[in-house]
Structures are given as structure tokens and as C-alpha cells.
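# Need the 3D shape of this:
(one chain, ligands or ions: 1)
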Amino acid sequence: MGFNDGRKIEGVYTAAVVGSERVTPHMVRVTFGGEDLTRLPRRGFDHWFRLFLPRPDGAVDFSALPAKFNTAGYLKYLRLKADVRPPVRNYTVRNHRPEAGEIDVDFVAHGTTGVAGPWAQQAQPGEQIALIDQGRGFDPLADASGVFLVGDESALPALAGILRDLDRKRPGLAIIEIPDDADRQPLDPPPGFEVRWLARANPHDRPGQLALNAVQDHTPPEPATVQAYLAGEQRLVAESRRHLVSAGVPKSRIAFTGYWKAPN
Ligand SMILES: Cc1cc2nc3c(=O)[nH]c(=O)nc-3n(C[C@H](O)[C@H](O)[C@H](O)COP(=O)(O)OP(=O)(O)OC[C@H]3O[C@@H](n4cnc5c(N)ncnc54)[C@H](O)[C@@H]3O)c2cc1C
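Residues are numbered from 1 along each chain as shown. Model prediction:
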């Protein structure tokens with residue numbers, strides 16, 4: 001399974017906000033629950049989905065959503081009338097409790113611009129959402145000599161899930177950039193797996209730059225057989241991939257996706 005395989009997965013799930021809490025200064029955890037979520041497969045790792053939110057006027061109608069978010073499904077979504085179409089963004093399952101029909105989702109509280117980040121900071125119990133399962137971007141390679149993970153705060157839920165679900169014998173290094181030291185979260189990496197947190201010293205620093213510097217200073221010890229996963233701000237992801245490829249990591253062993261774009 002990889003990032004593009006989600007297009008083949010079918011199924012719209014509806015749920016409601018059960019509660020929310022600010023887990024760190026820049027992260028809000030929203031718990032969603034409902035009967036439908038007892039059917040959502042537990043895929044672990046960086047399991048992600050398309051999240052459909054109430055419209056800004058509070059209106060909710062998920063009845064006309066496509067069953068899949070492939071090209072045809074996306075076109076169907078775009079053809080919904082603008083005044084009824086629910087906003088959509090991409091998010092990761094942070095914790096999954098299938099038997100309770102609940103998932104936790106960690107939203108970066110990145111200010112007042114946009115839709116999902118601001119919505120999460122005000123989310124009220126009972127608010128309705130829908131999601132379309134997209135599977136996993138990370139597929140553990142049995143022959144990986146080590147795992148190299150890179151991300152910013154938006155990828156922290158994905159990196160946390162990968163570290164939690166990795167084979168306990170897998171060595172590796174995770175480079176995680178966060179806005180502030182207080183945004184660290186407890187993680188469950190395999191024993192001996194190094195997690196390097198990098199906190200931006202200044203709120204005006206370009207997101208991703210610290211992590212990119214650390215990536216560019218690092219050459220994986222066995223580049224031909226490492227497995228790499230890069231997620232977060234677009235430039236961090238693109239430049240990290242460029243560095244790894246020039247260090248000898250085969251493109252086929254690098255899963256990557258730009259999550260969002262910082263202003264230049
Ligand atoms: C597979 C996948 C999984 C993801 N999982 C998560 C997740 O679990 N948690 C999470 O928080 N994000 C996650 N993201 C990233 C999230 O989809 C984007 O950050 C999205 O842009 C947020 O939507 P929004 O409505 O808040 O802002 P938008 O309307 O998309 O953007 C509005 C403005 O906010 C800025 N912005 C957007 N995101 C951020 C950010 N993180 N930090 C600073 N500025 C930002 C944009 O540059 C823009 O100027 C994931 C993305 C992908 C592709």
C-alpha cells in the first residue's frame with residue numbers, strides 16, 4: 001500500500017465530535033465517534049483519510065459524497081453545488097479504538113486561516129463529519145536495514161503511528177520539527193530507534209528549515225537498503241528527497257508527500 005492506493009478504497013463513514021483537548025500548545029486532539037467507525041479498518045502506521053467538515057454556515061450534508069476519492073470521485077465532489085459542498089482536508093488517524101467506534105485526530109492549531117485548523121480549535125461535541133478512508137502511505141519493507149523518518153508538526157501523527165507500529169527490532173532515526181519544545185509528544189519507538197526533536201527557536205523561522213538542515217547533514221549508513229518516509233511542508237519533503245536520492249537511496253524506497261505549503 002502507498003499514498004496513491006487510497007484512490008481504490010471505497011466507503012464513506014460519518015461520525016460526530018465526541019470531545020477535544022489541546023494536547024500541546026500547537027496541537028488539538030479531536031475525538032470522533034459513531035457506529036460507522038466500528039467498520040473502519042484499523043490500518044495503523046500513518047493511516048489517513050479525507051475529512052469532510054461542516055460548512056462555515058454550519059450546514060451539514062454528506063449524502064452526495066462519492067464512495068471513493070479517485071479522479072471520478074473528486075470530479076463528482078467538485079460538481080456538488082458550491083453552496084452545499086462540504087470542505088475537505090487530509091488527516092491522519094492518531095489513535096484508533098475500533099471496538100468503541102472512535103478515532104482521535106491531531107490537528108495543528110496553525111492560526112485563524114484555513115478551514116480545518118481553525119475548526120478543530122472550536123469543535124463542539126455532536127458536530128457531524130464524514131471521512132473517506134485512504135489507507136496508508138507507509139508500507140513496512142521486510143528487508144529494510146533501517147528506517148529514516150522526517151516530518152514537521154503536521155506529520156507528527158503519521159510519524160507517531162509509524163513508530164508505534166514498526167517491528168520492535170527495526171533500527172532507525174526520526175527527525176521531527178515542531179514549533180516549540182512544549183509540542184513534543186510521548187512516542188513509542190522501537191528500542192534503540194533515535195528520535196531527534198527540533199524546535200523552532202523563533203516563530204518566524206521558515207517551517208521545515210531546521211529539519212531540512214538536519215536531513216542534509218545526514219547520510220543513511222546503508223543507503224541502498226534504508227526505507228525512508230518524508231511528510232510535512234512541501235519544500236522540506238522535496239529537498240529531503242533530493243538529498244536522499246543523491247546520497248544513494250533508491251527512489252522506490254522513499255515514500256513522500258507534501259502535506260502543505262508555507263508562504264515563500
Ligand atoms: C496524507 C496527509 C495527512 C495529513 N495529516 C495531518 C494531521 O494528522 N494533522 C494535521 O494537522 N495536518 C495533517 N495534514 C496536513 C493538512 O491536511 C494541511 O495542513 C491542511 O492544509 C490543513 O487545512 P486547513 O484548512 O487548516 O488550512 P488550509 O485552508 O489548507 O490553508 C490555509 C493556510 O494555512 C496554512 N497552513 C496549512 N497547514 C498548515 C500547518 N500545518 N502549519 C502552518 N500553516 C499551515 C497554509 O499555508 C495556508 O496559508 C495531512 C496532509 C496529508 C496530505
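# do the host helix or strand of Tyr229 and the ligand meet at all?
Assigned by DSSP states H and E, Tyr229 belongs to strand 226-233. No. Counting by CB under 6 Å from any ligand atom, the ligand is not contacted by strand 226-233; separation bottoms out at 6.9 Å. For the C-beta atoms, the positions are set from N, CA and C on the backbone; glycine is no exception.
# Stretch 65-83 too?
No. Judged by CB under 6 Å from any ligand atom, stretch 65-83 stays clear of the ligand, getting no closer than 11.5 Å.
# hmm, who's touching that stretch?
Stretch 65-83 has contacts (CB atoms under 8 Å, 6 or more residues apart in numbering) with 6-12, 50, 52, 64, 85-86, 88, 130, 132, 134.
# Please repeat the previous calculation with a cut-off of 6 Å.
If you take CB atoms under 6 Å, 6 or more residues apart in numbering as the criterion, stretch 65-83 is touched by 7, 10, 12, 50, 64, 132.
# Whichever of these end up buried, select them in PyMOL.
What follows is the PyMOL syntax selecting those of these that are buried according to 16 or more other CB atoms under 10 Å:
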select buried, resi 12+50+132
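# Could I get the pLDDT score of whichever residue of the stretch 1-150 of the chain sits closest to the ligand?
Minimum separation of the stretch 1-150 of the chain from the ligand (CB to the nearest ligand atom) falls at Gly114, amounting to 2.5 Å. Gly114 is assigned a predicted lDDT (pLDDT) of 96.
# and it, how many neighbours?
12 (other CB atoms under 10 Å).
# Distance of it relative to Gln122?
Distance from Gly114 to Gln122, counting by CB to CB, to the nearest Å: 13 Å.
# Skipping its backbone neighbours, what lies nearest Leu53 in space?
Pro87 (5.1 Å; CB to CB, 6 or more residues apart in numbering).
# and after the longest strand seen in the chain, which helix or strand comes next?
Ordering each strand of the chain by length in residues (DSSP state E) puts strand 12-24 first. Using DSSP H and E, the helix or strand that follows strand 12-24 towards the C-terminus is strand 27-33.
# Quick one: mean pLDDT for that next one?
98.
# Identify the residues contacting it?
15, 18-23, 101-107, 109, 120-121, 123.
# Quick one: name the residues of the stretch 101-250 of the chain near the ligand.
Going by CB under 6 Å from any ligand atom, the residues of the stretch 101-250 of the chain near the ligand are 106-108, 110, 113-117, 154, 157.
# mind running it again at 5 Å?
Within the stretch 101-250 of the chain, the positions lying close to the ligand (CB under 5 Å from any ligand atom) are 107-108, 110, 113-117, 154, 157.
# Helices - which of these land there?
The helices, defined by DSSP state H, take in 116-117, 157 from these.
# Just the buried residues from the residues you listed, in PyMOL please.
Applying 16+ other CB under 10 Å to those, the buried members can be selected in PyMOL as follows:
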select buried, resi 116+117+157
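# Using CSV, list the CA coordinates for the lowest-mean-pLDDT helix or strand in the chain.
Ranked by mean pLDDT, DSSP states H and E, the helix or strand of the chain with the weakest confidence is helix 71-79, at a mean of 94. C-alpha atoms of helix 71-79 as CSV (Å, rounded to 0.1, in the frame of the first residue of the first chain):
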residue,chain,number,x,y,z
THR,A,71,-10.4,11.0,-10.1
ALA,A,72,-14.0,10.3,-10.9
GLY,A,73,-14.9,10.7,-7.2
TYR,A,74,-13.1,14.0,-7.0
LEU,A,75,-14.9,15.3,-10.1
LYS,A,76,-18.2,14.2,-8.5
TYR,A,77,-17.3,16.1,-5.4
LEU,A,78,-16.3,19.2,-7.4
ARG,A,79,-19.6,19.1,-9.3
